[in-house]
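Chemist: Give me a 3D structure for the following:
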Amino acid sequence: MVLVQTGLERFIESPPKWIQGCRLGLLSNSASVDRNFCHARELINLKMPGQLAALYSPQHGFFAEKQDNMIESKDMIDPILKIPVFSLYGQTRIPTKKMFDPIDILIIDLQDVGTRVYTFIYTMSYCLEAAKSFGKKIVVLDRPNPVSGSVVEGNCLSSECNSFVGRFPIPMRHGMTMGELSLLFNSYPYETGCDLEIVKMKGWNRNMYFNDTGLPWIPPSPNLPTTISAMVYPGQVLWEGTNISEGRGTTQPFEVFGAPFIDNEKVLFDMGGSELEGAMLRCIVFEPMANKWKETLCRGFQIHITDPNKFNPYITSIRMLKSVCFHHKGEFEWKQPPYEYESKRLPIDLIIGDKEIRRHIEKNDDIDEIVRYWQDDLNEFIEISKMFYLYK
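Modeler: Below is the predicted model:
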């Protein structure tokens, strides 16, 4: 197995000389570790004693302990280093001047999951903008895209669906690393223009899934406990915008989904059977212990990935969503607001990122017609994104 060296490991191995004497901040969570499970804040503090002045946490908290959307974290004092931890998913999601006053350089070390609606990338984007405004420097310690950098999938965000789960017109499965996205957000077409530096990985290539890296998987949030949950997430996250359980409250969130009223046979018929491209659908019965349908028997499926290189999570989940919507009229519902601090627009529109696709689903339009709808925008994004690739 190829061993990938993360940006954190390379940064600790050989810190740039210009960082000496600077006051440092670190945006991280519990997944910000090296291959020996040592956390970034402890490694940086050992390498550059006394320079780490403040810590910052994204959604789900500094310890990745918050279970769901709109569960905020409070500012606190780090129990190890006794320095402030400023929450960027609390009273504000945009860094304030007061938050950035203690530092000269903000280091960002977050494990993204390669999906447009995962908010870590927008917390990073707000940090880039704040750094520009307050005259600070950003250093991104790059990490793998766990669902590879070779596949880009889905529609690009429509401007009418902008939210904290979608700030920029990128597709659901964007195929970029945090470092590459920071370059994109900082340059064309957003032109943030902050002082930005990327510490690249060593040994990573675009065909790799996380299991190919030799790195330990630490859940970046509670409901992505495994690499499999991350691989299905770019599609299965759609169920968050419905009254169908996405598996929260079970041991296999996003891998399993269902509701008391699901007719498994009808869904399987629409899918052409249980054998999908790159995956198998297994009929299951489960009982969530929290969240939707708590302590209620649900019928549904578990997705078993058989070939990651053939599995397209977004298209697969749209096909399943179409079937459930079509066969369960009167029982299936779109989830109502609020969702990620939006109180008027439908959550599903914010998640899909385009109201028209929701209408296609409601009409049970052919999947090929839906894909044709977004293909031109997707092709344009692919060409733009290649300008910012750091890895072959």
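Chemist: Tell me where the protein is predicted with low confidence.
Modeler: Low-confidence segments of the chain (pLDDT under 70): 1-2.
Chemist: Please name the nearest non-neighbouring residue to the most centrally placed residue in it.
Modeler: For the chain, the residue sitting closest to the mean C-alpha position, by C-alpha atoms, centre = their mean, is Tyr118 at 2.9 Å. Take Tyr118 and drop its neighbours on the chain: the residue closest to it by C-beta to C-beta, 6 or more residues apart in numbering is Asp112, 6.3 Å away. In this view, the C-beta of every residue, glycine as well, is placed from N, C-alpha and C.
Chemist: still on that earlier bit, pull the contacting residues for the residue nearest to the centre of the chain.
Modeler: 112, 165, 233 (C-beta atoms under 8 Å, 6 or more residues apart in numbering).
Chemist: Name the nearest residue to the second one, ignoring sequence neighbours.
Modeler: Across the structure, with C-beta to C-beta, 6+ apart as the measure, the residue nearest Val165 apart from its sequence neighbours is Val117 (4.1 Å).
Chemist: just checking, that neighbour touches Phe164?
Modeler: No - applying C-beta atoms under 8 Å, one finds Val117 not in contact with Phe164, separated by 9.3 Å.
Chemist: Comparing the two, which shows the higher neighbour count?
Modeler: Just comparing Val117 and Phe164: by other C-beta atoms under 10 Å the higher neighbour count belongs to Val117, 24 against 20.
Chemist: quick one: the strands in the stretch 251-392 of the chain?
Modeler: Under the criterion DSSP state E, counting those that start in this stretch, the stretch 251-392 of the chain contains strands at 256-259, 275-276, 279-286, 298-305.
Chemist: what's the most buried one of the ones you listed?
Modeler: Neighbour counts (mean count of other C-beta atoms under 10 Å) averaged over each of the strands of the stretch 251-392 of the chain peak at strand 256-259, with a mean of 26.
Chemist: Other residues contacting it?
Modeler: In contact with strand 256-259 (C-beta under 8 Å, 6+ apart) are residues 236, 239, 243-247, 250, 284-286, 292-293, 298-303, 320, 331-332.
Chemist: For this structure, which segments count as helices?
Modeler: For the chain, the helices defined by DSSP state H occupy 7-13, 40-47, 97-100, 120-134, 178-186, 227-236, 264-271, 313-327, 347-352, 355-362, 367-386.
Chemist: need the ones you listed in JSON lines with mean neighbour count and distance to Ile170, can you?
Modeler: Output for the helices of the chain, formatted as JSON lines (neighbours: other C-beta atoms under 10 Å; distance: least, C-beta to C-beta, whole Å):
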{"stretch": "helix 7-13", "mean neighbour count": "20", "distance to Ile170": "21"}
{"stretch": "helix 40-47", "mean neighbour count": "19", "distance to Ile170": "26"}
{"stretch": "helix 97-100", "mean neighbour count": "15", "distance to Ile170": "26"}
{"stretch": "helix 120-134", "mean neighbour count": "21", "distance to Ile170": "9"}
{"stretch": "helix 178-186", "mean neighbour count": "24", "distance to Ile170": "8"}
{"stretch": "helix 227-236", "mean neighbour count": "25", "distance to Ile170": "12"}
{"stretch": "helix 264-271", "mean neighbour count": "16", "distance to Ile170": "28"}
{"stretch": "helix 313-327", "mean neighbour count": "22", "distance to Ile170": "13"}
{"stretch": "helix 347-352", "mean neighbour count": "24", "distance to Ile170": "13"}
{"stretch": "helix 355-362", "mean neighbour count": "17", "distance to Ile170": "15"}
{"stretch": "helix 367-386", "mean neighbour count": "14", "distance to Ile170": "6"}
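Chemist: gap between Val267 and Ser182?
Modeler: According to C-beta to C-beta, to the nearest Å, Val267 and Ser182 sit 40 Å apart.
Chemist: Same check on Ile170?
Modeler: Ile170 sits 13 Å away from Ser182, taking C-beta to C-beta as the criterion.
Chemist: Check the burial of Asp195 by counting its neighbours.
Modeler: Count around Asp195 with other C-beta under 10 Å applied: 14.
Chemist: beta partners of it?
Modeler: Under DSSP bridges, the beta-bridge partners of Asp195 are Lys137.
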